[in-house]
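Asker: okay, here's the prediction I keep looking at, along with the sequence it came from:
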Amino acid sequence: MARIDRSAFAYTGIASLTLPNGVYGIGSKAFESCGRLSEITMPDSLMTVAPDAFDQCKNIQTINASNEWKQKHHDLVVSIIQNRPK
């Protein structure tokens, strides 16, 4: 799998997500409203992530990725964290 398409896993009950190395993109709303999703592991190969890929995923507590990846995708990481209830 090279890219996760639009709404591919939207509204599913997944609790954790580990993307394998080789995935290079995540489409719009790919994981929208995955209410149980609490942990994500991003591979270094991931280059593009739609800004709304994790829309309404309010329980994400952990984003595992290299520091380089987190720096490159800082805005995405911040938006996922801000999506959580305060």
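Answerer: All right, it came through fine.

Asker: the bottom helix or strand of this protein by mean pLDDT?
Answerer: Within the chain, confidence by mean pLDDT, DSSP states H and E is lowest for helix 74-82 among all helices and strands, at a mean of 84.

Asker: helices or strands next to that one in the packing?
Answerer: Judged by 3 or more CB pairs under 8 Å, 6 or more residues apart in numbering; DSSP states H and E, the packing partners of helix 74-82 are strand 62-64. (Each C-beta comes from the backbone N, C-alpha and C, glycine too.)

Asker: after the strand it packs on comes which helix or strand?
Answerer: helix 67-72 (DSSP states H and E).

Asker: helices and strands around that next one, which ones?
Answerer: Using 3+ CB pairs under 8 Å, 6+ apart: helix 67-72 touches no other helix or strand.

Asker: mind checking how far the most centrally placed residue in the chain is from Ile60?
Answerer: Of all residues in the chain, the one closest to the mean position by CA atoms, centre = their mean is Phe54, 5.4 Å from it. Computed as CB to CB, to the nearest Å, the Phe54 to Ile60 distance reads 7 Å.

Asker: can you check Gly27 too?
Answerer: Counting by CB to CB - Gly27 and Ile60 are separated by 18 Å.

Asker: ok, the residue lying closest to Leu46 once chain neighbours are set aside - contacts?
Answerer: Using CB to CB, 6 or more residues apart in numbering and skipping residues adjacent in sequence, the residue nearest Leu46 is Val23, 5.8 Å away. With contact set as CB atoms under 8 Å, 6 or more residues apart in numbering, Val23 has these partners: 1-4, 43, 45-46.

Asker: and if we set it to 10 Å?
Answerer: 1-4, 42-43, 45-47 (CB atoms under 10 Å, 6 or more residues apart in numbering).

Asker: adding neighbour count, distance to Phe31 and secondary structure, write those out as a markdown table.
Answerer: Below are the contacts of Val23 laid out as a markdown table (neighbours: other CB atoms under 10 Å; distance: CB to CB, whole Å; DSSP: H, G, I helix; E, B strand; the rest coil):
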| residue | neighbour count | distance to Phe31 | secondary structure |
| --- | --- | --- | --- |
| Met1 | 10 | 14 | coil |
| Ala2 | 8 | 17 | coil |
| Arg3 | 14 | 14 | strand |
| Ile4 | 21 | 8 | strand |
| Met42 | 21 | 12 | coil |
| Pro43 | 16 | 15 | coil |
| Ser45 | 14 | 18 | coil |
| Leu46 | 21 | 13 | coil |
| Met47 | 12 | 17 | coil |
